[in-house]
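>>> this is a predicted model, with the sequence first.
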Amino acid sequence: MHPILEGLNEEQQKVVLATHGPVLVLAGAGSGKTRALTHRIAYLIEQGIAHPQQILAVTFTNKAAAEMRHRIEKLLGSPANTPRSVSTFHAMGAKMLREQPGAHGRSRGFSILDMSDSEKLVRKALKDNNYSLKEWSPQAVRGMISKIKHDSPDIPDFSNPQKPSEEVLAKILPIYERLLSEHDAYDFDDLLRIPLKMLREVPSVRAYYQSRFKFVSVDEYQDTNAMQEEIISLMLGPEKNVCVVGDDYQSIYSWRGANVDHILQFEQRNPGCTTIILTQNYRSTPNILEAANKVIEQNIEQKHKKLWTTRTSTQAVQVRTLPSDRGEATWVCNQIGEHVRSGRRLKDCAVLYRTNAQSRLMEEQFLTHRIPYTIVGGFRFYDRKEIKDALALLSFSLSLSSRIHFERIASVLLTRVGPKTIDKWEQGARNSGLTLGIYLAQETDRSDLKKIIAAIYRAKQTNHERVSDLLRALLTDTGFMTALAALPDGKERIENVEELFNVAAAYTTTEAFLEDTALLSDLDRLETETDRVTCMSLHASKGLEFPLIFIIGCEEGLIPHGNSFNSPSSIEEERRLLYVGMTRAQDKLTITTSAYRFMGGEMTPQAPSRFLSDLPENVERSQENIFNVQQNSHTNSPESWDDISDFLHDEPTLVQPMSGSYVSHPQFGKGVIIGTIGEMLTCVFEGHGVKSVEATSCSVSS
DNA sequence: GACAGAAACGTTTTT
DNA sequence: CGTTTCTGTC
Ligand SMILES: Nc1ncnc2c1ncn2[C@@H]1O[C@H](COP(=O)(O)OP(=O)(O)OP(=O)(O)O)[C@@H](O)[C@H]1O
């Protein structure tokens, strides 16, 4: 047998060997879809069927992309033959836009605005047009704009508004787009929208990508939206070598425009399609599989698939009802303590929840129980104020014109300068036909501003080998570091900026560095090597696996979420969400509900989730002093808790690979760790960008 | 324009 | 209840 086919079952081997034409892999959770796809790509290259440059592979997260690239490299044993184009749709879009300047309305060095930056532009557009920010919250309007922009590549003009909201959009949307253009920037949605427009409207661009990518694959295809589907179809040449992989049970992003029909109708839309169904689950115990299946089988609009396993563990799925939300968090801590005492590691445990707000109580209890933990999601490292300010300075040094970046700089480094003053300067710049930076360099007589501009010019003229050198020079010379140090929590902020230097050390171009800081999510920085409990939303858990899973807050109103009550299809999506969470568990699944939950200022009685009544008979149900609600205040010393620190595996004395550490790799040279998975490190290497490498293959220093 | 103290407000999910 | 946004003063 071919070595790449080893470790695959018969059906998975079919996925690998069906090299040409459209291929659909539809299969339930943990059936080895991603593994089959990875081996398929390695096989195509190893057999010489495809050149590495002809491979395009799209994944759902940057982390999944890095992991897939690493696995392919390991299978091939050759970094040189590892395909470069393994990325998310958004990262791919950004790359296309940089490759095709001139085919769209921005420069090669355009910047990417994250949600909070684009919300700032919306706020400005609303304010300048005298809309009440109370009535039209920038956040909500940004949401509406985003919805419109991921619906279609062409923005409707709302010339005939039907609703008040459309009236606002008719006014605001063109202004928002103009502001984006003035900033030489794209928002997240544009990273899909503009590449699609190019593929649709510019024949030479379409021809280029069609001849370049001869073998295309997409993981998690059930969560693609209409634009993503069209981008893929326009990239395919007449031979249509495309492999899509997914599970309609796990379609959980319809609120973001994803449409499960793309996978369900793939067969009809692609005549001659080879369809492969994987049915063996390699992840979970029979009890977990049965429970998950009982939950999902209640959905009407699914293509039902049953999974089987050869695992024999009889460990029961547990459902526990607790008196209060805080009691729930405490109980989970105690359970984790039990597991650790019986030999499990903290990193084997994950706590999943429907809303990020639920992480707060877990965090509080982990702290009082002295259990190391990490919370994934919500706030990104790159969203911290000091980091955004530092990046704004770097970004402005490139463009010398971007107003939102200048505003940030001004708020940190200049006193008595707010929107009014900047308006004035911007107007002055416009009148003299100069960019803001050049205008200020010539006109200002403020010494603080002169100092900043001079520092920027000096930094630009010096030849910095690494982005970190440039960034450090900028932040030091402008007085940014001094200003940070003067803040009450200055020490911590300086530490964060130091970590930013570490990451920047791996880049040689500022544009590439800024692009990654915009595109990398919190999840992409997840470390699974340090011994900590991981907490995240059910959405964020898609594609991951842990031996021990706790799903907390399984109550009506949370899952299914209150906002989904009025729509049967939303309820079905909530059910799929629970299915996704349950199927992350390898060995033991524990579900908790709380009888009372602190909401809106008072303890509110909660009903258990309707989904729990579909669980099979063999789940272990228990509850504990449900009426013992009064004890819901926070204390710093948990009662009857034996500290587990003796059981925690202290990390070895040699340097522990962790985020921010420097690595040195035989192939890629010097780099910095941004995350770890098992024995693998996700690193950024000088001149090579984000890569996954084995911890044993490189040396680590702090 | 900056800051501190007061009021409102709130609970989806994220590339 | 805890966090974010607003308001009034300097
Ligand atoms: N043929 C196989 N033999 C042994 N283990 C396998 C096999 N195929 C996959 N696995 C293991 O099963 C687990 C799930 O695989 P994978 O992540 O590829 O599944 P998936 O179908 O993509 O899952 P999900 O849809 O839940 O994300 C992994 O731990 C993987 O290593």
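Received, thanks.

>>> which residues touch whichever residue of the stretch 101-250 of chain A sits closest to the ligand?
Shortest the stretch 101-250 of chain A-to-the ligand distance, computed as Cβ to the nearest ligand atom: residue-wise this is residue A:247, at 5.2 Å. The C-beta positions use only the backbone N, C-alpha and C, and glycine is treated the same way. By Cβ atoms under 8 Å, 6 or more residues apart in numbering, the contact set of residue A:247 is A:26, A:27, A:28, A:29, A:33, A:222.

>>> in helices only, show me these.
Judged by DSSP state H, helices contain the following of the contacts of residue A:247: residue A:33.

>>> now render the contacts of residue A:247 as JSON lines, adding pLDDT.
Below are those laid out as JSON lines (pLDDT from 0 to 100):
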{"residue": "A:26", "pLDDT": "94"}
{"residue": "A:27", "pLDDT": "93"}
{"residue": "A:28", "pLDDT": "91"}
{"residue": "A:29", "pLDDT": "94"}
{"residue": "A:33", "pLDDT": "95"}
{"residue": "A:222", "pLDDT": "95"}
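
>>> which of the contacts of residue A:247 count as buried?
Using 16 or more other Cβ atoms under 10 Å as the burial test, the contacts of residue A:247 include A:26, A:27, A:28, A:29, A:33, A:222 as buried.

>>> so who does the one residue in the stretch 601-702 of chain A that gets nearest to DNA strand C touch?
Closest approach between the stretch 601-702 of chain A and DNA strand C, counting by Cβ to the nearest atom of the strand: residue A:601, at 4.4 Å. Counting by Cβ under 8 Å, 6+ apart, residue A:601 touches no other residue.

>>> tell me the buried residues in the lengthiest strand in chain A?
Criterion DSSP state E: the longest strand present in chain A is strand A:585-599. Neighbour-count burial for strand A:585-599 flags A:585-597 (criterion: 16+ other Cβ under 10 Å).

>>> get me the contact residues on the stretch 1-150 of chain A for the ligand.
Counting by Cβ under 6 Å from any ligand atom, the positions of the stretch 1-150 of chain A adjacent to the ligand are A:7, A:8, A:9, A:12, A:27, A:29, A:30, A:31, A:32, A:33, A:34, A:35.

>>> would you list the phi and psi of the residue nearest to the fifth one when sequence neighbours are not counted?
So the one you mean is residue A:27. With sequence-adjacent residues excluded and distances taken as Cβ to Cβ, 6 or more residues apart in numbering, residue A:27 is closest to residue A:278, at 3.6 Å. Here is the backbone geometry of residue A:278 (degrees, to the nearest 10): phi -100, psi 130.

>>> show me where the stretch 301-450 of chain A has its helices.
A:325-341, A:359-368, A:385-399, A:403-413, A:419-431, A:436-443, A:447-461 (DSSP state H, counting those that start in this stretch).

>>> export those helices to CSV and tack on distance to DNA strand C?
What follows is the helices of the stretch 301-450 of chain A, written out as CSV (distance: least, Cβ to the nearest atom of the strand, whole Å):
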stretch, distance to DNA strand C
helix A:325-341, 10
helix A:359-368, 7
helix A:385-399, 11
helix A:403-413, 14
helix A:419-431, 13
helix A:436-443, 26
helix A:447-461, 20
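
>>> need those in TSV with mean pLDDT and distance to residue A:254, can you?
Putting the helices of the stretch 301-450 of chain A into TSV (pLDDT from 0 to 100; distance: least, Cβ to Cβ, whole Å) gives the following:
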stretch	mean pLDDT	distance to residue A:254
helix A:325-341	92	28
helix A:359-368	88	24
helix A:385-399	89	31
helix A:403-413	86	31
helix A:419-431	85	38
helix A:436-443	88	42
helix A:447-461	89	45
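
>>> mind checking these for the one nearest to residue A:481?
Between residue A:481 and the helices of the stretch 301-450 of chain A, the shortest separation by Cβ to Cβ is 9.3 Å, and it involves helix A:385-399.

>>> in that closest one, which residues are buried?
A:386-399.

>>> output the contacting helices and strands for that helix.
With contacts taken as 3 or more Cβ pairs under 8 Å, 6 or more residues apart in numbering; DSSP states H and E, helix A:385-399 sits against strand A:111-113, helix A:403-413, helix A:447-461, helix A:467-477, helix A:480-485, helix A:490-504, helix A:510-519.

>>> any figure for the gap between the residue of the stretch 101-250 of chain A closest to the ligand and DNA strand B?
Using Cβ to the nearest atom of the strand, to the nearest Å, residue A:247 is found at 18 Å from DNA strand B.

>>> tell me how far that residue lies from residue A:542.
Residue A:247 sits at a distance of 10 Å from residue A:542 (criterion: Cβ to Cβ, to the nearest Å).

>>> and the gap between the spatially closest residue to residue A:479 that is not a sequence neighbour and the ligand?
Leaving out its chain neighbours, the residue that sits closest to residue A:479 by Cβ to Cβ, 6+ apart is residue A:413, at 6.2 Å. Separation of residue A:413 from the ligand (Cβ to the nearest ligand atom, to the nearest Å): 46 Å.

>>> isn't residue A:413 up against residue A:484?
No. Contact criterion Cβ atoms under 8 Å: residue A:413 and residue A:484 do not qualify, at 10.4 Å.

>>> which single residue in the stretch 101-250 of chain A comes nearest to DNA strand B?
Using Cβ to the nearest atom of the strand, the closest approach of the stretch 101-250 of chain A to DNA strand B is made by residue A:188 at 5.0 Å.

>>> nope, the stretch 601-702 of chain A is what I meant
For the stretch 601-702 of chain A, Cβ to the nearest atom of the strand, closest residue to DNA strand B: residue A:601, 4.9 Å.

>>> can you check the stretch 501-650 of chain A too?
For the stretch 501-650 of chain A, Cβ to the nearest atom of the strand, closest residue to DNA strand B: residue A:521, 3.0 Å.
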